[in-house]
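[1] Let me see the structure of the following:
(chains A and B)
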Amino acid sequence: TQLLEQSPQFLSIQEGENLTVYCNSSSVFSSLQWYRQEPGEGPVLLVTVVTGGEVKKLKRLTFQFGDARKDSSLHITAAQPGDTGLYLCAGGKREPGLTFGTGTRLTIIP
Amino acid sequence: DTGVSQDPRHKITKRGQNVTFRCDPISEHNRLYWYRQTLGQGPEFLTYFQNEAQLEKSRLLSDRFSAERPKGSFSTLEIQRTEQGDSAMYLCASSLGLRDVLVSNEKLFFGSGTQLSVL
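    Got it, this is the predicted structure:
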């Protein structure tokens, strides 16, 4: 059972457009991480947010942790083909082992 | 830094056979994790090692699965009597395991995974 639901599941947009991916849960997490995964490879960490309401920016990517630490969003500005991939959110609690979301497969069309 | 290495990259086996996968973490990392990822899903946590001690196991890990990290360096994951439902990507990850960093906030480094297909 996936405790973290991501939406949309699939997203295909034109280069230069903006997009937002959502990660929602009924559980509270100590931290929320976002990963990007390419086909045939393992996930690569993009960011970790730990405080409710926290916003982090990584170039054209903006990550936000919800005030109640149950949800998060990833916003990409002016998407580029290199942004194509599977985006995964993952919630952390005190015990080891992350709970990953269902994933959003993003395709940027040149 | 050679990253996390997993071997083999692909494994095809017949139902009922045993398989073993190997993971070599980043050398100074003392924490090691195994995850399983099926098509269209996010990875699911299987088990965790702090040095050579296996400290956490998911309920997903049936009795047919066993993991070891004998010297606190590389780890192996064995699946006995494989079933078609075991077909998945098996991912290994490692982290530094600093005392003052919460497990939940750690940066995990993932390997490229072993893709298992059970026929």
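
[2] Listing partners with orientation, what would you give for the lowest-mean-pLDDT helix or strand in chain A?
    None of the helices or strands of chain A scores lower by mean pLDDT, DSSP states H and E than strand A:99-100, at a mean of 92. In its sheet, strand A:99-100 lies beside strand A:85-92 (antiparallel), with partners assigned from DSSP bridges.

[3] Just the CA atoms of the partner strand, as CSV, please.
    The C-alpha trace of strand A:85-92 is given here as CSV (Å, rounded to 0.1, in the frame of the first residue of the first chain):
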residue,chain,number,x,y,z
GLY,A,85,12.0,11.4,-16.1
LEU,A,86,10.2,9.7,-13.3
TYR,A,87,9.8,12.0,-10.3
LEU,A,88,9.3,10.4,-7.0
CYS,A,89,8.5,11.9,-3.6
ALA,A,90,9.6,10.0,-0.5
GLY,A,91,8.6,10.5,3.1
GLY,A,92,10.9,9.8,6.0
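
[4] near chain A, which residues of chain B show up?
    Contact residues (C-beta under 8 Å from any C-beta of the partner chain) of chain B with chain A: B:4, B:31, B:33, B:35, B:40-45, B:48, B:55-56, B:58, B:91, B:93, B:102-113, B:115. Where C-beta positions appear, they are placed from N, C-alpha and C, glycine not excepted.

[5] Can you pull the residues of chain A lying near chain B?
    Residues of chain A lying near chain B (C-beta under 8 Å from any C-beta): A:2, A:4, A:29-31, A:40-45, A:48, A:50, A:88, A:90, A:92-103.

[6] returning to that earlier point: for the following helix or strand past the least confident helix or strand of chain A, the distance to its chain's centre please.
    Per DSSP states H and E, the first helix or strand lying C-terminal to strand A:99-100 is strand A:104-109. Distance of strand A:104-109 from the chain centroid (C-alpha atoms, centre = their mean, to the nearest Å) equals 13 Å.

[7] How far away from the center of its chain is the helix or strand harbouring B:T47?
    Assessed by DSSP H and E, B:T47 sits inside strand B:44-50. In this view, strand B:44-50 has its centroid 7 Å away from the chain centroid, taken as C-alpha atoms, centre = their mean.

[8] Check what pLDDT residue 95 gets.
    Assuming you mean chain A. Per-residue pLDDT puts A:E95 at 80.

[9] I was thinking of chain B, sorry if that wasn't clear
    92.

[10] can you check the one 3 residues further on too?
    Per-residue confidence at B:L98 stands at 73 (pLDDT).

[11] and stretch A:41-57, which residues are buried?
    A:E41, A:G42, A:P43, A:L45, A:L46, A:V47, A:T48, A:V49, A:V50, A:E54 (16 or more other C-beta atoms under 10 Å in any protein chain shown).

[12] picking up where we left off before, filter the residues of chain A next to chain B down to the buried ones.
    A:4, A:29, A:31, A:41-43, A:45, A:48, A:50, A:88, A:90, A:92-93, A:96-103.

[13] State the distance from A:S73 to B:L39.
    The spacing between A:S73 and B:L39, counted by C-beta to C-beta, to the nearest Å, is 25 Å.

[14] swap that for A:R36, sorry
    From A:R36 to B:L39 the distance is 18 Å (C-beta to C-beta).

[15] now chain A, which segments are flagged as low pLDDT?
    A:1-2 (pLDDT under 70).

[16] Tell me which stretches of it form strands.
    A:5-7, A:10-14, A:19-24, A:31-37, A:44-49, A:55-58, A:61-65, A:71-76, A:85-92, A:99-100, A:104-109 (DSSP state E).
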